[in-house]
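K.L.:
With the input below, show me the fold.
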Amino acid sequence: MTSLHKGSCHCGAVTIEIHAPAEIEALECNCSMCERTGFLHLIVPKSDFRLVSGADSMSTYTFNTRVAQHYFCKACGCKPFYVPRSNPDGYSVNVRCLDKSTINKLTVRPFDGQNWEANAAHLADLSHSSRS
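P.N.:
So this is what the prediction gives:
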């Protein structure tokens, strides 16, 4: 069973909705990007993600392989979601940007992104739909 979660960047210009369980297991990655931004990953299929507002308020950053598309709010600099290299058919949502009122339980599990190539396979199927 999934719940509708709403989220936004800090200033509210970019707003999103996702369908995901009320009990969330998020990944805390230690790669160079996530370690600096404090991003808590919840990877969802594209079909479970909706950009409600702010498409024109975002800027995109890519690096290394240029597969991952990191979207930032131009006004406040917050990154509420991005298209991950591990799951280009989905989105990784920053749990810290979601409204806490729809999250019944949050479990944070470490992910070794510093050794991404060796660990990426563990993420491969996270963008497959889990809606009940």
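K.L.:
State the paired neighbours of the helix or strand harbouring I24 in the sheet, together with their directions.
P.N.:
Per DSSP states H and E, I24 falls inside strand 23-29. Sheet pairing of strand 23-29 (DSSP bridges) gives strand 40-45 (antiparallel), strand 105-111 (parallel).
K.L.:
which of the ones you listed is buried the deepest?
P.N.:
Among those, strand 40-45 has the highest mean neighbour count (mean count of other Cβ atoms under 10 Å), at a mean of 22. Glycine gets a C-beta too; all of them are placed from N, C-alpha and C.
K.L.:
avg pLDDT for it?
P.N.:
When pLDDT is averaged over strand 40-45, the result is 95.
K.L.:
Equivalent analysis for stretch 69-82, please.
P.N.:
95.
K.L.:
chain center to the strand holding I24, what's the gap?
P.N.:
Its chain's C-alpha centre and that of strand 23-29 lie 10 Å apart, by Cα atoms, centre = their mean, to the nearest Å.
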